[in-house]
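Q: what would the 3D arrangement of this be:
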Amino acid sequence: QVQFVESGGGFVQPGGSLRLSCAASGLTLNNYAVGWFRQAPGKEREGLSCITNSDGNTYYSDSVRGRFTSARDTAESTVYLQLNNLKPEDTGTYYCAGVRATVRAMCFIPAIWDFWGQGTEVTVSS
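A: Next up, the predicted model:
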């Protein structure tokens with residue numbers, strides 16, 4: 001059974017940093033594309049980053065490029081999202097997701113992802 005479990009969320013002031021973790025089980029992480037999404041209250045789920053297995057590259061949305069960094073540790077079967085220079089608009093529930101295969105053009109479409117974690121809350125406020 002494939003599972004993703006996020007952790008590392010919390011409360012942080014603007015300009016601060018957090019590192020989110022996503023522990024994956026029931027799969028070989030290298031064989032899956034992995035993504036991070038965010039959902040703010042009253043808003044649709046938004047794609048933030050995507051590590052594809054079609055080309056092995058990492059892609060970021062315009063809203064987080066240059067501030068967030070995603071990395072995959074296959075030995076630990078864990079995906080990380082480093083959040084730097086956080087802003088109040090980064091507040092939301094952060095989810096990791098997995099799918100057997102995807103390409104860059106589909107990365108930020110929530111409907112194509114098969115497996116989701118339960119989410120971890122991030123609040124950015126002064």
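Q: quick check: closest non-adjacent residue to Asp55.
A: Distance criterion Cβ to Cβ, 6 or more residues apart in numbering; nearest residue to Asp55, sequence neighbours excluded, is Arg104 at 7.5 Å. Any C-beta I mention is one placed from the backbone N, CA and C, and that applies to glycine too.
Q: so what's the residue nearest to the spatial centre of the chain bridging to?
A: Nearest to the geometric centre of the chain sits Trp36, at 1.8 Å (Cα atoms, centre = their mean). On the basis of DSSP bridges, Trp36 is bridged to Ser49, Cys96.
Q: residues in contact with it?
A: Contacts for Trp36 (Cβ atoms under 8 Å, 6 or more residues apart in numbering) come out as 20, 22, 47-50, 68, 70, 79, 81, 94-97.
Q: whichever of these end up buried, select them in ChimeraX.
A: Of those, the buried ones go into a single ChimeraX selection, burial set by 16 or more other Cβ atoms under 10 Å:
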select :20,22,47,48,49,50,68,70,79,81,94,95,96,97
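Q: now the contacts of Trp36 in JSON lines, with distance to Leu29?
A: Below are these laid out as JSON lines (distance: Cβ to Cβ, whole Å):
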{"residue": "Leu20", "distance to Leu29": "16"}
{"residue": "Cys22", "distance to Leu29": "10"}
{"residue": "Gly47", "distance to Leu29": "19"}
{"residue": "Leu48", "distance to Leu29": "18"}
{"residue": "Ser49", "distance to Leu29": "15"}
{"residue": "Cys50", "distance to Leu29": "14"}
{"residue": "Phe68", "distance to Leu29": "19"}
{"residue": "Ser70", "distance to Leu29": "13"}
{"residue": "Val79", "distance to Leu29": "7"}
{"residue": "Leu81", "distance to Leu29": "15"}
{"residue": "Tyr94", "distance to Leu29": "18"}
{"residue": "Tyr95", "distance to Leu29": "16"}
{"residue": "Cys96", "distance to Leu29": "11"}
{"residue": "Ala97", "distance to Leu29": "13"}
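Q: on that earlier part again, OK, contacts around the residue nearest to Asp55?
A: 50, 52, 54-55, 57, 59.
Q: thanks again, I'm all set now.
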